[in-house]
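> coords please:
(one chain, ligands or ions: 1)
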Amino acid sequence: MSSSVLLQRSKPLTNILWFNRVFARPMGGGPRTFPGGLNKWQWKRMHEKKAKEKEKRLLEQEKQLYQARVRSQIRTKLFDKADPDSETNQHKPMSPDEHVKALADRFMKEGAEDLWNEDDGPVKSEQRPRSGAEANQRPRLAGAPIDLRGLISDKRNSVNNSGNLNSGSNVKNRNYSVLSESQFSDRSKSASLIFMRNLVCDDGKTVIPSRNVMDFVRRAYFSGTDKGNFCRNDGSSTRDKAGFDTGNKAKPFARNLGNNRENGDSKNMSQFMKKKGFVGKRRFKRNESSSSDDDSDIHSEDVDEKVEGWRDVRKMGSSASLGKYDMKITKRVPLKSLEDEHDFEEQVELIRKEISKNKLNGNGEKKEKREEEPILSQKRFDECGISPLTIKALTAAGYIQMTRVQEATLSVCLEGKDAVVKAKTGTGKSIAFLLPAIEAVLKATSSSTTQLVPPIYVLILCPTRELASQIAAEAIALLKNHDGIGVLTLVGGTRFKVDQRRLESDPCQILVATPGRLLDHIENKSGLSVRLMGLKMLVLDEADHLLDLGFRKDVENIVDCLPRRRQSLLFSATMPKEVRRISQLVLKREHTYIDTVGLGSVETPVKIKQSCLVAPHELHFQILHHLLKEHILGTPDYKVIVFCSTGMVTSLLYLLLREMKMNVREMYSRKPQLYRDRISEEFRASKRLILVTSDVSARGMDYPDVTSVVQVGIPPDREQYIHRLGRTGREGKEGEGVLLLAPWEEYFLDDLKDLPLDKLQLPHLNPEIQLQMDNHMAKIDNNVKEAAYHAWLGYYNSIREIGRDKTKLVELANKFAQSIGLQRSPPLFRKTALKMGLKDIPGIRLRK
Ligand SMILES: Nc1ncnc2c1ncn2[C@@H]1O[C@H](COP(=O)(O)OP(=O)(O)OP(=O)(O)O)[C@@H](O)[C@H]1O
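Numbers count the residues shown, from 1 in each chain. Next up, the predicted model:
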C-alpha cells in the first residue's frame, strides 16, 4: 500500500480518535457515538426532531404576531377615529357616537373577538375622579347622554352597598372557566361579552346582560330606525360612520353592515351576527360561587325597554376602557421586541416605497436628479480595532475608508452579535462580513489548544460556485499577512475526492461553500462534521436566496450540524419579509437588523439608469442586438451582461450573437466548472465583452466596471431584478439597465413601480438586420433550439401569473418556437408534459 493511501486511510481514524476524546467516549471498535450515547442516526433524528419543533415554535410565534398586529391595527384605527385631533393617544372621554362606533367596531368586527380575554377588566378602577355627590349634582337631563363610566362606577358603588351585583374588583377574580361551556368558540369572544355584561343602565343599578347590550349596540348602530339615530348624524358612508376597515377580511362584513343600514333591516343583522357567533349563542353558565353574575338573568325585553331610553345617551365611558384595560397589551410582552421590529421594518419598507413612489410621481424631475450617493463613510479601517495585519492588507488593496455598510455593521459583528444586514448591491458587503470572520478566527486560534483535527471556525455559505470562489479569493487577499490561516472552497462541479484531499492537507479555518456540496461532505462521514463542531461564525451571503425554497432544506440540514453557540450573520441586498421571518431558523432571537438602504431611498443604486422596453417577444433578440449595438457605439469600453431566463435560452442567444459577430461569452450552470471559472476570470479582467448568462451570475458577482445590464424577459421576482441590475453601477459608479418585456409580461412592472424605470419606445428595427438574424438563426443546430424551447416553456410554466393559463402559455411558447426558426414545436416527454400540466393542452406535441 502506498504511503499516500496509508495517509488517506489514517486521517478518518484520527478524526474518530479525536472525536472520541472530545466527547469522552470509551474507546473501542464500535460505531461512532455522539453525546448521550446516541448513534449517528439517533443523533440525526434528534436534530431533525428539534428542527421540526423549532419550526413549529416559529409558526406559533408568527401566528401570535399576526394576531397582535391585527389587534394593534384595530386599536390604532380606533384611537385615531376616537380622537383625531389628539397628538397622543391619551384616553380622553369619547363622544357617544364614537363610543358606540368603537364598541361596534371592536366587538363585531371579524377577528375582534381576539381583543379580549378572561383577564380583561374593563370596569376596574375608575380613572376619572368623580364623587358620588358630584354625580348627583349633575342629574341626567332628558336627551343628555349617559355617562357610562360614571354608571360603571355607580354600579360598583351600588354593588358594594347592596352586595348583589358584581363589583368591579371582582372582575379579575371571576372564574371564566364557565365560558368554555358556552357555545362560543373561544374564550376571547366570551370575554368581550363579559365586558358588555358589565355595562349598566341609567339607573345605575340594572346591569344589562351582555346579549342585550350587544342588541343595543346593534340596533343603535345598525338599524335604520330612530333607536340608533345617535350614531347616524349624517348620511355619510357606512365606512365613515362605522369606522370599519373595509379592507382585507373585514370587507364582506362591512358590506353586510352597509346593506343592513341601508335597508334598516335589523333582522338581517341579527342573522348575520348569529352567523358570526355574537348573538344567540348564549347563555353563559355562571360560576356557582360567583354571586355577581346574576345580571345575565335579566330578560332581554326589560333591557330592550331600558335601551329605548338610551337614545339620549351621555358620555359613555372613554377610550380608556378600550385601551388601558386591554390585557392583550401585557400578553404581547414576550413578543414585543420581535413584533416591534417587524412592524418597524414593515413601516420602513412601506414608507420607503411610498416616498420613492411619490418621488416618481412627483414633478418628473427625479429622473434627471440622480443624486450623489457616497458609498464610503468617513471612518477608516484603522479606527475600528481590527488586526493591524488585516489593515495592512486592506491598505495594500487600496481600501482605507470603510463603506457605509462596513461602518454600520463592523462594531455589531465584532461584538459577536447575530445580525441581518441589508445593503444595496456593490457596496462592500463581502468585506463587511470577512473582517469580523477573520477576527473570529484570530480570537479562536489564540485561545484554543492544539487539536488533532483543526476546527473550522468560520463557514460562509453562498448560492453559486463563482461567488464562493470570489469570496474565498477576497478572504485570501485580506489574510495575506496572517500566517497559518487558510481558506478553502467546497463547491459542486469539482471532484469530491479532490475536495477531501484538500480538506485533509490544506489548513482551513475559513470554509466557503455552496450548500449542496457541503452537505455531501457532511453526510459522507468525511470528518467535516467533526471539524464544524468548533465553528464560531456562520455567514449566509445572499441570505434571502439561501433561505428561499430552493436552498432552504439544505441550509437547515447544515445548520442542524453546527454548534448552537455560534455567531450568525445574514447579508443581502434584498430581504423580503417572509425571508426575514424564517431567518430565525438560523439566527438567535435577539439579533440586530441593519438596513443601510435608508428611508426614502430606492433599493437600487441611484446611479444606475433603469429603463424598460415592452415589445412582442418574437422581436426580443433583434431588439437586444439593436440595444447592444447602440451601447457599444456610445461606450467604447463597454462591458455588458445579458441575462436570459434559462441556461438553454442563454446558449441559443450566445450562438446567435456570436454569429452576428459580436464579442460574446456564455455562462450557465450546465457548463463544465473549469469553463465557468475561465469565462468568469476572463470577463472580470476584460473590457469590450458581452457576457450572456443565466441567473448563475445574478447575485454577488463583482465584475468590475460593467457598463450595462440587459434582462431579456421577466426575472423570477423583484429581488432577482435588483440583483441582476446590481452587476452594474457598483461602488457608486454609473451604470445602466434595460428590462426587455413582452406585453404579457408587463404586469411585472407593478412589482417595480417604486423603482425609477423609464419606458423606452420601440426602436426602429432595420429589416436587413432581421434578415441577417434569420439566416444566422437557421444555421444554429436544431437541438439547441429545441432545448431552448423546452426550457422556455418550463420557465414560464413555473411563473404563476403566466403558467396558470396553460393554453395561452402553449400558444406563446409555440410562437417562440417559430421565432427561433423551428417549423413545429418540439415534442415533450409524456411524463414531463404531465408534470407540467400540459399533457392535454392543444398545441403540445408528445414524444411517441
Ligand atoms: N472600503 C472599501 N473601499 C473601496 N472599495 C471597496 C471597499 N469595500 C469593498 N469595496 C469594493 O466594492 C466592490 C463591491 O463589493 P462587494 O462585492 O462586497 O459588494 P456587495 O455589497 O457584496 O454586492 P452584492 O450585493 O452584489 O453582492 C468590490 O469591488 C470591493 O472590492
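
> What strand or helix carries the residue nearest to His482 when sequence neighbours are not counted?
Spatial nearest neighbour of His482, excluding adjacent residues (C-beta to C-beta, 6 or more residues apart in numbering): Leu389 at 5.4 Å. From N, CA and C alone the C-beta is placed, and that goes for glycine too. Secondary structure assignment for Leu389, by DSSP states H and E: helix 388-396.

> Could you give the average pLDDT over that helix?
The average pLDDT within helix 388-396 is 96.

> Return the set of buried residues in it.
Within helix 388-396, the residues that count as buried by 16 or more other C-beta atoms under 10 Å are 389-391, 393-394.

> hang on, Arg807 packs against Leu838?
For the record, residue 807 is Thr, not Arg. No: shown here, Thr807 and Leu838 do not form a contact pair, counting by C-beta atoms under 8 Å, at 9.6 Å.

> still on that earlier bit, so what secondary structure elements neighbour the helix holding Leu389?
For helix 388-396, the packing partners by 3 or more C-beta pairs under 8 Å, 6 or more residues apart in numbering; DSSP states H and E come out as helix 429-447, helix 465-478.

> In contact with the closest residue to the ligand within the stretch 501-650 of the chain, which residues?
Closest approach between the stretch 501-650 of the chain and the ligand, counting by C-beta to the nearest ligand atom: Ala573, at 4.0 Å. By C-beta atoms under 8 Å, 6 or more residues apart in numbering, the contact set of Ala573 is 422-425, 429, 603, 722-723, 726.

> May I ask which of those comes out lowest in pLDDT?
Glu603 (92).

> Can you pull out the residues in contact with the strand or helix carrying Lys553?
Using DSSP H and E, Lys553 falls within helix 549-560. If you take C-beta under 8 Å, 6+ apart as the criterion, helix 549-560 is touched by 47-48, 50-51, 461, 463, 515-516, 518-519, 522, 538, 540, 545-547, 582, 585-586.

> buried set for it?
551, 554-560.

> Now tabulate those residues in CSV and tack on distance to Pro454 and pLDDT.
Formatted as CSV, these follow (distance: C-beta to C-beta, whole Å; pLDDT from 0 to 100):
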residue, distance to Pro454, pLDDT
Phe551, 28, 93
Asp554, 25, 95
Val555, 24, 95
Glu556, 26, 94
Asn557, 24, 94
Ile558, 20, 96
Val559, 22, 95
Asp560, 22, 93
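
> Could you export the helix holding Leu389 as PDB, CA atoms only?
Below are the C-alpha coordinates for helix 388-396, written out as PDB (Å, rounded to 0.1, in the frame of the first residue of the first chain):
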ATOM      1  CA  PRO A 388      -3.100  45.600  12.100                       C
ATOM      2  CA  LEU A 389      -2.100  42.800   9.700                       C
ATOM      3  CA  THR A 390      -5.600  42.900   8.100                       C
ATOM      4  CA  ILE A 391      -5.400  46.700   7.900                       C
ATOM      5  CA  LYS A 392      -2.100  46.300   6.100                       C
ATOM      6  CA  ALA A 393      -3.700  44.000   3.600                       C
ATOM      7  CA  LEU A 394      -6.700  46.400   3.200                       C
ATOM      8  CA  THR A 395      -4.400  49.300   2.600                       C
ATOM      9  CA  ALA A 396      -2.400  47.300   0.000                       C
END
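
> can you tell me if the very next helix or strand once past that helix touches the ligand.
Scanning forward in sequence from helix 388-396 by DSSP H and E, the next helix or strand is strand 401-403. Yes: with C-beta under 6 Å from any ligand atom as the criterion, the ligand is reached by strand 401-403 at 401-403.

> Given strand 401-403, what are its sheet partners and their directions?
Applying DSSP bridges to the sheet, strand 401-403 is found paired with strand 376-380 (antiparallel).

> Now do the helices in the stretch 451-600 of the chain.
465-478, 496-505, 515-523, 528-531, 543-546, 549-560, 577-582 (DSSP state H, counting those that start in this stretch).

> Contacts for the longest one, please.
Residues lying outside helix 465-478 but in contact with it, judged by C-beta under 8 Å, 6+ apart, are 390, 393-394, 397, 430-431, 434-435, 437-438, 460, 462, 487-493, 510, 512-514, 541-542, 673, 676-677, 680, 696-697, 699-702.
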